[in-house]
Structures are given as C-alpha cells and as structure tokens.
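**Student:** need the 3D shape of this:
(2 chains)
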Amino acid sequence: MDKNEKKVGYMTSMSKPGKGCAGDTGEWRVFKPVKDEEKCNHCLLCWIFCPEATITKDIEIDYQYCKGCGICAVECPTGAITMVKEEKQ
Amino acid sequence: MAEQTDDLEFLPRLLPPQEFVAEGNRACQGCGELLALRQLFKAAGPDTIVCSATGCMEIISSPYPETAWRIPWMHVAFENAASVAAGVEAGIKILRKKGRYPADRRINIVAIAGDGGTADIGLQALSGALERWHDFTYICTDNEAYMNTGIQRSSSTPYGAATTTSPAGKLSIGQQTQKKNLPMIVAAHDIPYLATCCPSYPLDLMNKARRAFETIGPTYLHAFSACPTGWRHPIDMAVEIGRLAVETGVFPLYEVAGGKLKINPVIEKRKPVIEYLKPQGRFRHLKPEDIEEIQRLVDENYERLVRRAECDASE
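**Tutor:** Model (predicted):
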C-alpha cells in the first residue's frame, strides 16, 4: 500500500455542543446559593431569571456550573434562597 | 404586565423547559445579555438557525472545539449578520422549491448582534436585508457599549455614561451625545413587526419573540441587556436594573405592528431617573444638574412616544 493511500480517521471542524464549554464555571463562585426547602413555594422565578440556566424546573441548583451571581437570591419573593460564602477547600 | 394577569399562560411552569444555550459558558457572572438570549430562544424552539455577529455572545459561547449552542449556529463577521441571515433564508427558499426541504416546516432564521454590530457596524447590512424583505428575525442585544473588547463607547451609549473611550473628568461628562434611537430607524423601513423587550419581564419578552418569529417578513427585536462589568453595578442586579430602566422610562417597552405603535404598558407615574442611575458606576460622576438634564431628555422622549401611540390608537 502506498504511503499516501493510508487511511486517516474521520475529521471535522465542527464543534460539539454541550455543557461546560469553558470548564467547570462553578469554580468562579465566591458566594453559593442555598435553597431553604420550607420557604420555597415553587414560583419558578429563580428558574426564569437565572442567566446561566443552572437551576432546573424542580429548583435544583447545579453547583458544577453555577457562577454565584446571586440574581436568584435577589429575585426570590419568599427569601428561600440565601447566599452563603464558599468555604476554601 | 396589566394585560396578561388574567391570561392562563401566565404560569411560568408552562414555559418551555429546553435550554438552547448550555450552561458552563464564559459569560460574566450575572450577564443580562445571556439571560435575554436564553429567554428568546425558549420562545424560538428547536427549529431555529442562528447567525451571530462578533460580540460578547459569540465569544462566550464558542471557544473552538466546544460550543454552547444546541441549535445550528454560525459565526459571521461584525458587519454582516443580517446579510448572512438573508442568504440562509434565500437558500432554504430555493431548497424548498427543488423539493429537498419539507415545504410545511417553519424555520426561524435569526440574526443576533450586539449594539455595536447593529447600530454602528452592521447598520447597512440590516437596512439592506430589511428592504429586500427577507423572512428573518434580527435580534439586537443592547448593552450600550463594546463590552467584549473592553467597554469602548458605541453610538448606543447613553448621554453621560463613562466608558474607556469617553472617560469622565474635569472637562468631560463622559459620553457627550444621545443614544441612537435604533428601533425607530428600523421602524422607518415599514417592516411588519418590531418590538423592544427586556429580560426582567420574561413573559412580555417571550410573547413578543413568538410573535416576531411567527410573522412572515422581516422582524426586529431590541433586547435591553444589563452588563454588570461595563455598567459597574453589583452582579446580582441585572434583572433589577432592567426593571428600573423600564419603570423610569429610560428604556420604554413598545411594539410597532403594521406601522402602529403601542406602548406596553404606559407608565403613568414614572420613577425619577436617579433611581436607575444611582446603582451604576458609569454614572457616578454626574452632578445634580446633569441628572436634571437627563431627566428632562427622558421625559421628552417618553412623552413623544406616548403622543405617537395615542395618535396611532385613534386612527
């Protein structure tokens, strides 16, 4: 077999979509949102106002990607989300 | 929103759960522009092709081997987002004619650009595409300066704002000219639908976006996007700033459908402009007389808008 006819793998310049294209952005966080289960009335305002889409519709916060901007804590009408300072590991 | 209170679809839990801009991208903490896009593409749905001009939203979402877009997305140069969207629309039209594309499937063709890519650099491409009557939606995410390259002034920067190329000082008030009234420039093309929207009012924004995507012909959406980095306000205030901008009349929400302007809603008792200016560091050098001047200009603009809306409603 000629050297030039050697098979090369499938190559593409297309990017693959997915979570975390900038790595684990949760590492940027200084304050961490913590949800109080008792106060939460599932109005979903935190879900619709989260710029990062890290809060699911079941109000579960994805700490791997949450950047800790605190919009959810400001917009929560019942005060169920509080910002707690992240502990150093 | 007064109109929507008795609407059953007011419930946020009926909103689409899909996310088309994935988490873990490089946007700053508390980015209002990303929030606007996230809500807009919830309304657009999966049948969407996006042409994105250079800008914050291109930089943060597509570092080369990765991308945050779960829908077809294309990066184009600063000045021609509208031209490329027009080309995509023409391409789909010819594929439909040849029978290689489902005839009944509606595709939303969207061009996104920031205020620099719309008001300064991409204005001729936008004007041309609107005039040729392509069936696409143009979204301008307005954060009032070139934030991506380090807060340089654009023609969309408001009077009195300090940026790195219009710094405030002893002899300078910051930006010395008025903000370009871009939605009205677009309205002068007599397109079927255009609207201004703000992500602090998500249902209003999504209803407007859905109407824009459903309308056949060129449509335009102007989304107000607070930028904590460039406007120098706390990172948890992006939504609050948007709400203050609407309540003080700095950024009125309106739509122009079929040449008729409608403000939604008209705010009778507007808050004083100082409430909007105070949290932002870019306005902190303003003296009381400068704020009075800004208040006068905002009132003038708002009253002009209300008068036009009344004229259009009485016709």
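**Student:** and the most centrally placed residue in chain A, which of the three is it?
**Tutor:** With distances taken as Cα atoms, centre = their mean, the residue of chain A nearest its centroid is A:Tyr65 (3.1 Å). Under DSSP: H, G, I helix; E, B strand; the rest coil, A:Tyr65 falls in the coil class.
**Student:** contacting residues for it?
**Tutor:** Listed by Cβ atoms under 8 Å, 6 or more residues apart in numbering or on different chains, the contact set of A:Tyr65 reads A:Lys19, A:Gly20, A:Asp24, A:Thr25, A:Gly26, A:Glu52, A:Thr54, B:Glu23, B:Gly24. All C-beta spots, glycine's among them, are computed from the backbone N, C-alpha and C.
**Student:** show me what contacts the closest residue to B:Gly150 other than its chain neighbours?
**Tutor:** Spatial nearest neighbour of B:Gly150, excluding adjacent residues (Cβ to Cβ, 6 or more residues apart in numbering or on different chains): B:Thr164 at 5.9 Å. Counting by Cβ under 8 Å, 6+ apart, B:Thr164 makes contact with B:Gly150, B:Ile151, B:Gln152.
**Student:** and the gap between the last one and B:Lys170?
**Tutor:** From B:Gln152 over to B:Lys170 the distance is 21 Å, taken as Cβ to Cβ, to the nearest Å.
**Student:** tell me which of the two has more neighbours.
**Tutor:** B:Gln152 (16 against 4; other Cβ atoms under 10 Å in any protein chain shown).
**Student:** and that one, bridged to which residues?
**Tutor:** According to DSSP bridges, the partner residues bridging B:Gln152 are B:Tyr146.
**Student:** now do it, the pLDDT please.
**Tutor:** pLDDT for B:Gln152: 94.
**Student:** excluding its backbone neighbours, what's nearest the residue of the stretch 201-315 of chain B found nearest chain A?
**Tutor:** Here the residue of the stretch 201-315 of chain B nearest chain A is B:Asp236; by Cβ to the nearest Cβ that distance is 3.4 Å. By the measure of Cβ to Cβ, 6+ apart, the closest residue to B:Asp236 outside its immediate chain neighbours is A:Gly70, 3.4 Å from it.
**Student:** OK, contacts around the one you found?
**Tutor:** A:Gly70 neighbours (Cβ under 8 Å, 6+ apart): A:Phe31, A:Pro33, A:Met83, B:Gly30, B:Ile235, B:Asp236.
**Student:** now a ChimeraX select for only the buried ones of those residues.
**Tutor:** Buried residues among the contacts of A:Gly70 (16 or more other Cβ atoms under 10 Å in any protein chain shown), as a ChimeraX selection:
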select /A:31,33,83 /B:30,235,236
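**Student:** could I get the phi/psi values of B:Lys49?
**Tutor:** Careful, residue B:49 is Ile and not Lys. When read as degrees, to the nearest 10, the backbone of B:Ile49 gives phi -120, psi 130.
**Student:** so what secondary structure elements neighbour the helix or strand bottoming out on mean pLDDT in chain B?
**Tutor:** Within chain B, no helix or strand scores below strand B:66-67, which has a mean of 87 by mean pLDDT, DSSP states H and E. Identification of packing neighbours for strand B:66-67 by 3 or more Cβ pairs under 8 Å, 6 or more residues apart in numbering or on different chains; DSSP states H and E yields strand A:16-17.
**Student:** list the neighbouring strands of the helix or strand following the strand it packs on plus their orientation.
**Tutor:** For strand A:16-17, the succeeding helix or strand toward the C-terminus, using DSSP states H and E, is strand A:31-35. Strand A:31-35 pairs in its sheet with strand A:81-85 (antiparallel), by DSSP bridges.
**Student:** tell me, how many residues neighbour the residue nearest to B:Asn148 when sequence neighbours are not counted?
**Tutor:** Distances taken as Cβ to Cβ, 6+ apart place B:Cys56 nearest to B:Asn148, at 4.6 Å, with adjacent residues excluded. Here the count is done by other Cβ under 10 Å, and B:Cys56 has 25 residues near it.
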